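What follows is a predicted structure for the sequence shown.
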Amino acid sequence: MVEADTGEDANLGRRCTSSGRHAASRGKHDRKSPMKLKSVAALFLFLPAIAMAGYDEAAAAYRRGDYAAAFKELELLAVRGDARSQYLAGMMCASGKGVPQSHEASVRWFRKAADQGYAMAQTDLGMDYLLGRGVAKDEAE
């Protein structure tokens, strides 16, 4: 003979399914959730490919000497948070390729990339502080 469960577990089960409205709405959400998850997953899978395409275009423009086009492509990626593009945009600002030379602008790009852990940007930012390029000289920074 099976005894009826009158403990807390039985009450929990009744609370979760006592309202038909909640059970029905829960079913609707369950059907939509996998589609939402697939959409979000696809977005994260394809974002690196989109960024890579923009980076490849920037590299091709740089190789052919079209520095303005290269900077434009890098800047699009850099403002979206791509650390490598931020670093390269900083390098182009420092050298004056594709944009007017500006150490202040290069420091801003290096800082963004360095804050994300991009090692080359951290190194160049440190050198800028050491030498006082685009920032006040600060050996401690």
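Perfect, thanks for sending it. Values in this document were obtained by computation on a predicted structure and should not be read as measured data. Numbers count the residues shown, from 1 in each chain.

where in the chain is pLDDT low?
1-53, 141 (pLDDT under 70).

Helices of that one, residue ranges please.
8-17, 20-63, 67-79, 83-95, 103-115, 119-131 (DSSP state H).

Excluding covalently adjacent residues, which one is nearest to residue 132?
residue 138 (7.9 Å; CB to CB, 6 or more residues apart in numbering). For glycine as for every other residue, the C-beta is placed from the backbone atoms N, C-alpha and C.

Just want the phi and psi numbers for that neighbour.
phi -150, psi 100 (degrees, to the nearest 10).

Residue 98 versus that one, what's the distance?
Going from residue 138 to residue 98 by CB to CB, to the nearest Å gives 28 Å.

Comparing those two, which shows the higher neighbour count?
Neighbour comparison, residue 138 and residue 98: the larger count goes to residue 98, with 22 against 11 (by other CB atoms under 10 Å).

show me the contacts for residue 89.
71, 74-75, 78, 109 (CB atoms under 8 Å, 6 or more residues apart in numbering).

Of the residues you listed - the most surrounded one?
residue 74 (29 neighbours).

Hmm, it is touching residue 57, no?
No. Using CB atoms under 8 Å, residue 74 is not in contact with residue 57, being 9.4 Å away.
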